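# Just the structure for this:
(chains A and B)
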Amino acid sequence: MRTYHELKDPDRSGLPGQIGAQRRKVAERLAGVRRVIAVMSGKGGVGKSYVTAHLARALARAGGAVGVLDADLNGPTIPRLLGVSRSPLSAPADAVEPVAGLDGVKCISMDLLLADGQPLAFRGPSTESFVWRGALEASALREFLGDVAWGTLDLLLLDLPPGLQRYLELCDVLEQPPTVLTVTIPTPESREAVRRAMRAALERGSQLLGIVENMVGPQFLGSAADDLATEFAVPVLARIPWHPAPDTWDGLGAAL
Amino acid sequence: MKFLCVDCDRQMTFEERRLPGDGTLAAAFKCPKCGRVVAMLTNPMETQLVASLGVEIGGRTVPPQPLETVRKMVATGRDDAFEETGGRADARTGGPTWSSDAQERLSRVPSFVRGMVKRIYVDYARDRGIAEITPAVMDTARAELGLEAM
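Okay, here's the model as predicted:
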């Protein structure tokens, strides 16, 4: 009996072709975006979204065209941080228009699509949902990249959730692994989690831009940023205190 | 995915796809030599896994819609998440009209995905020169385009 590759007629479903078309669409959509930076950390609760939103606003105030893709599908907070109202999204033709937040930062987020207070839940068989849930979340991420009319941007920031899963999905969807900006807090616990994430990003071929140390002050003791900077030979781009002055963000923006 | 008629040693060709709306999928393949038809039947989990990738067994019948997978699959979406136009044949541009029965039927589609479904029907009618969308037109479109689940 002959096997798959021995049958020469094309596969009518063309699933690889459909996947390829999806990736081309993402590439075409991002053709007008000068830089894509993933804001990540292996650790939850270190302020990735907070840093992302304020960095985006600082860059926009400096005259840049900036977008933020809230890739935290299950705990989206970017619209609130950017002061975006939950009005209906416009979907005129082949793309959904991003919404504009404070300082003109464009954004898309699952928060804009979900009913008030509702978790992200999918239609489908409820048993063994782990089999397909990851694939659906990766598809949602791909559609946020490829089906949103980002237009011409100087920078698109991707606010990733804790852990590595979304970063790995990004690597599969984008033509090249994204440049990574890492956020940590000073503690040794954060250092260990972030170290793993940075190692994974490096191994996948991402450029590591540097480290932002957030929540700097007497509440958290440690030297995570310095330790990681030394280990990975990257700069500490900013140290953000608990109550940062506005020019803190301007300085971080300038460092990029 | 390919199917081989072992007796004839010929690759079978895709015939049709059905989505009965119960989470399963049926795809029929035919041997071009002996005419034998076999059907691949997937259970809800297998069907879901394929749908989760945003691809379609048998190939696409309509162009991808913006945020298509999100709109089809998210169960907790806001009713007013999207403001829609009616597709290429929007009424303002002289597109097909909707009969009252068809409008009523469309209103039963969950609002999170309704705009996308409406756009598909309007484009279907426009492409075929259909002036009015009726429930019969919707049935035909669903069958032709493999939209049984919509």
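# Now do the strands in chain B.
Taking DSSP state E to define them, one finds strands in chain B at B:4-5, B:10-11, B:13-18, B:25-30, B:37-42, B:82-84, B:97-98, B:132-133.
# Out of those, which gets the lowest mean score?
Set side by side, these differ in mean pLDDT, and strand B:82-84 is lowest with a mean of 78.
# rewinding a little: A:Pro125 is nearest to which of the strands of chain B?
Evaluated over the strands of chain B, closeness to A:Pro125 peaks at strand B:37-42, with 11.6 Å, by Cβ to Cβ. Heads up, the C-betas are built off the backbone N, CA and C, glycines and all.
# in that closest one, what counts as buried?
B:40, B:42 (16 or more other Cβ atoms under 10 Å in any protein chain shown).
# quick one on the thing from earlier: please identify which of the strands of chain B is closest to A:Gly101.
strand B:82-84 (18.2 Å).
# can you give me the offset of the longest helix along chain B from its chain's centre?
If you go by DSSP state H, chain B has its longest helix at helix B:111-127. Helix B:111-127 has its C-alpha centroid displaced from the chain centroid by 11 Å (Cα atoms, centre = their mean, to the nearest Å).
# got TSV for the strands of chain B, with distance to chain A too?
Below are the strands of chain B laid out as TSV (distance: least, Cβ to the nearest Cβ, whole Å):
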stretch	distance to chain A
strand B:4-5	6
strand B:10-11	5
strand B:13-18	4
strand B:25-30	8
strand B:37-42	10
strand B:82-84	4
strand B:97-98	19
strand B:132-133	20
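# Select, out of the ones you listed, the one closest to B:Asp139.
Across those, closest to B:Asp139 is strand B:132-133 (Cβ to Cβ), at 11.0 Å.
# Hmm, B:Glu15 is touching B:Val37, no?
Yes: contact criterion Cβ atoms under 8 Å: B:Glu15 and B:Val37 qualify, at 6.5 Å.
# does A:Leu237 sit in a helix, a strand or a coil?
strand (DSSP: H, G, I helix; E, B strand; the rest coil).
# Repeat that for A:Gly75.
coil.
# who's in contact with the closest residue to it other than its chain neighbours?
Of all residues not flanking A:Gly75 in the chain, A:Pro161 sits nearest, at 6.5 Å (Cβ to Cβ, 6 or more residues apart in numbering or on different chains). If a contact means Cβ atoms under 8 Å, 6 or more residues apart in numbering or on different chains, then A:Pro161 has A:44, A:71-75 as its contacts.
# Give me every residue in the stretch 51-200 of chain A lying close to chain B.
Residues of the stretch 51-200 of chain A that fall close to chain B, judged by Cβ under 8 Å from any Cβ of the partner chain: A:86, A:88-96, A:112-116, A:118-125, A:127-128, A:131-133, A:135-136, A:139-140, A:142-144, A:147-148.
# Pull the number of nearby residues for residue 73.
Chain wasn't specified; assuming chain A. Look at A:Leu73: counted by other Cβ atoms under 10 Å in any protein chain shown, it has 22 neighbours.
# look at chain B instead
21.
# Do you know the pLDDT at A:Leu69?
Per-residue pLDDT puts A:Leu69 at 98.
# secondary structure element for A:Val212?
A:Val212 is part of strand A:208-216 when elements are defined by DSSP states H and E.
# Please read the previous query as pertaining to A:Val68.
strand A:66-70.
# In the sheet, which strands lie alongside that strand, parallel or antiparallel?
strand A:106-108 (parallel), strand A:153-159 (parallel) (DSSP bridges).
# other SSEs contacting the very next helix or strand once past it?
The helix or strand immediately downstream of strand A:66-70 is helix A:78-81, counting by DSSP H and E. Applying 3 or more Cβ pairs under 8 Å, 6 or more residues apart in numbering or on different chains; DSSP states H and E, we find helix A:78-81 packed against helix A:48-61, strand A:66-70.
# what helices or strands is the helix or strand that helix A:78-81 is followed by leaning on?
Sequence-wise, the next helix or strand downstream of helix A:78-81 (DSSP H and E) is strand A:89-91. Packed against strand A:89-91, as judged by 3+ Cβ pairs under 8 Å, 6+ apart, are the following elements: strand B:82-84.
# Many thanks, I have nothing further to ask.
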